[in-house]
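**Student:** give me a model of this one.
(chains A and B)
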Amino acid sequence: MRRHRTFIFSCLCFGYAFLYIPILAMIAWSFNDSRLMSVWTGFSLRWYQALWQNEQIIDAALLSLRIAFVSATFATLLGTLAALAMARLGRFRGRTAFSGMLAAPLVMPEVITGLSLLMLFVSLQGLLGWPAKRGADTIAIAHITFAMAYVAVVVQARLTAMDRSLEEAAMDLGGRPMGVTLDITLPLIAPAMLSGWLLAFTLSLDDLVIASFVSGPESSTLPMVIYSKVRLGIAPDVNALAAVIVGIVGLGVLAAGWIMLRGAKREGTATTD
Amino acid sequence: MNAMRPERLWRRTVIGIPYFWLLAFFLAPFAIVLRISFSDPIIAQPPFTPLYDPAQGLYLTADNYRFLTEDDLYWVSYLKSIRIAAVSTLLCLLIGYPMAYGIARARGAWRNILLLLVILPFWTSFLLRVYAWMGMLSGHGVLNQALLGMGLIEQPLKILYTDFAVYLGIVYSYLPFMILPLYATLERLDGNLLDAAADLGGRPRQVFFDVTLPVSLPGVVAGGLLVFIPALGEFVIPSLLGGLDTMMIGKTLYDEFFINRDWPLASAVATVLVLILLVPIMLFQRFSQADAGARR
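**Tutor:** Down below sits the predicted model:
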């Protein structure tokens, strides 16, 4: 039993070291004065300064944030509707096809999604004249499509795990499905919708491949700019950018974790009372 | 009858809107790719022959598929991608299983912290995490420095831009996707069941193979598919960490499209890739729906 414990413990240590050492090393080197990673020439913030003055990166970051905001919002709406359809509306015609189309984007290789959406946009442009040009709009549509699948998973998990007695009581009291969904179900799944939104936001912010396919010549998102910088090797200002992003995400996740922990504690005391 | 109407309208809206969106932006694009894969590349806008030409009538050609079987590049890319994805999936399972087990067996607050630490990298940029390995593995990188410093090697090893780096990158990036479904099944495993098995004289190994492993099998399959399918079409990892000979099909497709600008051939490559992935994706869908059903 003891040997078994030691084995599991060392696996955990090794696993977490594997997950975190590269990120921590990258952050550490972002403070190196030298351009090379081979020598430590002293602590410096010069790469952060370079980052701040790099207009291409700042512009791309703003574009990416804008696209992420729009696509996360629409993905949350569509994904929540899809989750409601799957978890609350029982059987309907084409349900199997629907669940298939909803699950496939989760694993579909990005090159395929990107290529096929571009082909769609090009064909639509030929037929309808829309989209007139590719850029932020087409990237947002592409991101909505794959992010809504993730939102649907998160919200559907909550809907199936949830106690349905409140909804059933409201129905018994004569509530209409739409009213019950809006007044009872929606507030209960709001936290899941929020995590779905955040997930969709980060997925959009992070996507390189699909955006490369469906964007136009004028719109480069942040991952596209980063990729063009690091394709040929190490770029110290990208180290600084990575440190900034990891810092923001880390703080965000810590804050969310703390809020959830506090919520769980409050719920815990409420049930024991 | 009047009372039924808004109800049905609501039902139709909830199902109809996402359904329409997925048909238009997920399914229809595949049909178009399939159709373009049967055309010839031409120098025009768009760069492929139309399906229907008033002068020539209907035009379809299987040339692209014939070319795929004739040129070794594509065969090698498909097979190498399948091998890299399969081996990486196995490595993820070997590393991820004990971790998921350890997390599921951890006490209270520790469990949440350990779980959060698995999810955290997932929230930071995938691209930057792959990039981080460039710094780890390069000639002057962290790993070579460490090995040199320990006196284990005398010359820096060439690790970056090799297949090995691609394996590392895939295992690293997809490990959380393996751990989370495994954890979800292992967490449901009742500790009492394990104690009972041990009390009845089961040796640890026997308990593991007779109780733990069968219970966690759905997690193994779900995690395996979550790693295998996207890894098979991976582009970023082979293009940043791999060498010139690391031909993975995602990269081949990307180059065919962006460098050779042969849209019909790229479409044929994509169609074959979807065909390869069809069975794993259907399996994945069945498992994810079965899982949702089990929780109900």
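
**Student:** which neighbouring elements make contact with the host helix or strand of B:Leu90?
**Tutor:** Using DSSP states H and E, B:Leu90 sits within helix B:72-105. Under the contact definition 3 or more C-beta pairs under 8 Å, 6 or more residues apart in numbering or on different chains; DSSP states H and E, helix B:72-105 sits against helix A:2-29, helix B:108-123, helix B:163-188, helix B:213-232, helix B:249-258, helix B:263-295. Where C-beta positions appear, they are placed from N, C-alpha and C, glycine not excepted.

**Student:** out of the ones you listed, flag the one nearest B:Phe20.
**Tutor:** helix B:263-295 (20.0 Å; C-beta to C-beta).

**Student:** tally of neighbours for A:Leu186?
**Tutor:** 13 (other C-beta atoms under 10 Å in any protein chain shown).

**Student:** distance of it relative to B:Arg107?
**Tutor:** 35 Å (C-beta to C-beta, to the nearest Å).

**Student:** residue contacts, the residue nearest the centre of chain B?
**Tutor:** Geometric centre of chain B, nearest residue: B:Pro230, 1.8 Å, by C-alpha atoms, centre = their mean. For B:Pro230, the contacting residues are A:107-110, B:174, by C-beta atoms under 8 Å, 6 or more residues apart in numbering or on different chains.

**Student:** can we see that at 6 Å?
**Tutor:** A:107, A:109 (C-beta atoms under 6 Å, 6 or more residues apart in numbering or on different chains).

**Student:** sketch out the low-pLDDT regions of the stretch 1-150 of chain B for me.
**Tutor:** The model of the stretch 1-150 of chain B has pLDDT under 70 over residues B:1-4.

**Student:** can you do 50?
**Tutor:** B:1 (pLDDT under 50).

**Student:** repeat that for the stretch 151-273 of chain A.
**Tutor:** A:270-273.

**Student:** which residue ranges form the strands in it?
**Tutor:** When assigned using DSSP state E, counting those that start in this stretch, the stretch 151-273 of chain A turns out to have no strands.

**Student:** the closest residue in space to B:Ile82 that isn't next to it in sequence and A:Thr113: what is the separation?
**Tutor:** Leaving out its chain neighbours, the residue that sits closest to B:Ile82 by C-beta to C-beta, 6 or more residues apart in numbering or on different chains is B:Leu232, at 6.5 Å. Distance of B:Leu232 to A:Thr113, given as C-beta to C-beta: 14 Å.

**Student:** same check on A:Met162?
**Tutor:** From A:Met162 to A:Thr113 the distance is 31 Å (C-beta to C-beta).

**Student:** cool, A:Gln156 as well?
**Tutor:** In terms of C-beta to C-beta, A:Gln156 sits 21 Å off from A:Thr113.

**Student:** cool, and A:Leu62?
**Tutor:** From A:Leu62 to A:Thr113 the distance is 25 Å (C-beta to C-beta).

**Student:** now B:Arg12
**Tutor:** Where A:Thr113 is concerned, B:Arg12 sits at a distance of 28 Å (C-beta to C-beta).

**Student:** try A:Leu166
**Tutor:** 38 Å.

**Student:** what number of residues lie near the residue nearest to B:Arg105 when sequence neighbours are not counted?
**Tutor:** Counting by C-beta to C-beta, 6+ apart, the nearest residue to B:Arg105 once its immediate chain neighbours are dropped is A:Ile8, at 7.2 Å. By the criterion of other C-beta under 10 Å, A:Ile8 has 17 neighbours.

**Student:** list phi and psi for the residue of chain A found nearest chain B.
**Tutor:** Per C-beta to the nearest C-beta, A:Pro109 is where chain A lies closest to chain B, at 2.2 Å. When read as degrees, to the nearest 10, the backbone of A:Pro109 gives phi -60, psi 140.

**Student:** ok, and the closest non-adjacent residue to it?
**Tutor:** Using C-beta to C-beta, 6+ apart, the closest residue to A:Pro109 is B:Gly233 (2.2 Å).

**Student:** excluding sequence neighbours, find me the nearest residue to B:Tyr183.
**Tutor:** Nearest to B:Tyr183 is B:Ala100, by C-beta to C-beta, 6+ apart, at 4.3 Å.

**Student:** check A:Val230 too.
**Tutor:** B:Tyr131 (5.1 Å).

**Student:** so which helix or strand takes in the one you found?
**Tutor:** helix B:126-137.
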